[in-house]
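Enquirer: Any chance you could fold what I've pasted below:
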Amino acid sequence: MILVTGATGTIGSDVVRQLAARGEKVRALTRDPAKARVAAEVEVVRGDYRDPASLDAALTGVTAAFLVRPPGPDEGQDAALVAAAGA
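Expert: Got it, this is the predicted structure:
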């Protein structure tokens with residue numbers, strides 16, 4: 001299972017689409033699952049970097065992750081996901 005962060009953004013949504021087209025098992029991480037426009041076989045999960053429990057749940061069964069780092073002051077976002085993966 002490959003977790004893709006930023007799954008509703010420009011880059012993340014394209015990564016999700018390409019992985020799904022290749023037949024990969026994909027889990028799309030987004031703060032608002034209602035905004036996700038993905039293929040039926042893609043699993044959409046809610047996740048927020050400020051909510052560690054949501055990251056733990058999103059990482060269950062994941063063997064790889066594609067991290068999208070949004071521009072702006074929230075530079076610690078990747079660290080939160082990496083820490084959750086390590087746990």
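Enquirer: Tell me the buried residues in the lengthiest helix in the chain?
Expert: Determined from DSSP state H, the single longest helix within the chain is helix 10-21. Under the neighbour-count criterion of 16 or more other Cβ atoms under 10 Å, helix 10-21 has 12, 13, 15, 16, 17, 19, 20 buried. Just so you know, the C-beta spots here come from the backbone N, C-alpha and C atoms, and that holds for glycine as well.
Enquirer: where along this protein do the strands fall?
Expert: Taking DSSP state E as the criterion, the chain contains strands spanning 2-4, 26-30, 43-46, 64-66.
Enquirer: Indicate which one of these is closest to residue 55.
Expert: Residue 55 lies closest to strand 26-30 among these, at 8.2 Å (Cβ to Cβ).
Enquirer: Name the residues that touch that closest one?
Expert: With contact meaning Cβ atoms under 8 Å, 6 or more residues apart in numbering, strand 26-30 is reached by 1-8, 12, 16, 19-20, 36, 38, 41-47, 58, 62.
Enquirer: For PyMOL, what selects the buried ones among those?
Expert: Only the buried entries of the contacts of strand 26-30 go into this PyMOL selection, using 16+ other Cβ under 10 Å:
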select buried, resi 2+3+4+5+6+7+8+12+16+19+20+36+38+42+44+45+47+58
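Enquirer: show me the contacts for residue 64.
Expert: Counted by Cβ under 8 Å, 6+ apart, residue 64 has contacts 1, 2, 3.
Enquirer: Go again with 10 Å.
Expert: The contact partners of residue 64, by Cβ atoms under 10 Å, 6 or more residues apart in numbering, come to 1, 2, 3, 4, 19, 24.
Enquirer: Pipe those residues into TSV and attach pLDDT and distance to residue 66 per row.
Expert: Converted to TSV, the contacts of residue 64 look like this (pLDDT from 0 to 100; distance: Cβ to Cβ, whole Å):
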residue	pLDDT	distance to residue 66
1	94	12
2	94	7
3	93	7
4	93	5
19	95	8
24	95	11
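Enquirer: Closest to residue 53 out of those residues?
Expert: residue 3 (15.5 Å).
Enquirer: wait, what's in contact with the closest one?
Expert: 26-29, 43, 45, 47, 55, 58-67, 81, 85.
Enquirer: what do you get if the cut-off is 8 Å, keeping everything else the same?
Expert: Contacts of residue 3 (Cβ under 8 Å, 6+ apart): 27, 29, 58, 59, 62, 64, 65, 66.
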